[in-house]
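Engineer: Quick one: sequence and predicted model below, then my questions.
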Amino acid sequence: MSITADRTVHTNRPSVVMLDKTIKEACLIDIEIPDSQNLYSTITEKVPKYTDLKEGLISIWQLNTDFVIPFALPTTGIISNKLHDSLKLYFYGKPNQMHNLRVY
């Protein structure tokens, strides 16, 4: 699903968009299955890739915060520490707020 922003954005198709309208917060999750050698380069490419979309969504939806979580699960099944750090950052202090999220 493409997301419309207030300007032309070339990367407007994240895998999952979670939107919490009660606290005006969104989370863009991009899922990819790279080779093990490309794991960290894939993760570091994903965050700047969605910067324009993130800024556009903040202005259109009047969001307080917007997160980009790159979810890269390599073919060997190794999970990066950066994924754990991103999830901790997003869900910090929100143990019971999962029911307010809408996944598009």
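Structural biologist: Ah, there it is. Numbering: from 1, shown residues only.
Engineer: Do you have the strands of this protein handy? List them.
Structural biologist: With strands called from DSSP state E, the chain shows them at 16-20, 25-32, 65-72, 102-103.
Engineer: Any chance of CSV for the ones you listed, columns distance to residue 89?
Structural biologist: From N, CA and C alone the C-beta is placed, and that goes for glycine too. Supplementary listing: these in CSV, determined by distance: least, Cβ to Cβ, whole Å:
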stretch, distance to residue 89
strand 16-20, 14
strand 25-32, 10
strand 65-72, 7
strand 102-103, 19
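Engineer: Residue 47: which of those strands is closest?
Structural biologist: Residue 47 lies closest to strand 65-72 among those, at 5.2 Å (Cβ to Cβ).
Engineer: Format the strands of the chain as a markdown table; extra columns: mean neighbour count, mean pLDDT and distance to residue 56.
Structural biologist: Converted to a markdown table, these look like this (neighbours: other Cβ atoms under 10 Å; pLDDT from 0 to 100; distance: least, Cβ to Cβ, whole Å):
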| stretch | mean neighbour count | mean pLDDT | distance to residue 56 |
| --- | --- | --- | --- |
| strand 16-20 | 17 | 84 | 13 |
| strand 25-32 | 20 | 85 | 11 |
| strand 65-72 | 20 | 81 | 10 |
| strand 102-103 | 10 | 51 | 19 |
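Engineer: For residue 59, which of these is the nearest?
Structural biologist: Closest approach to residue 59 among the strands of the chain (Cβ to Cβ): strand 65-72, 10.2 Å.
Engineer: Neighbouring strands - and their directions - for that closest one?
Structural biologist: strand 25-32 (parallel) (DSSP bridges).
Engineer: Run through who's touching the partner strand.
Structural biologist: 14-20, 42, 46, 49-50, 53-54, 57, 61, 63-73, 90 (Cβ atoms under 8 Å, 6 or more residues apart in numbering).
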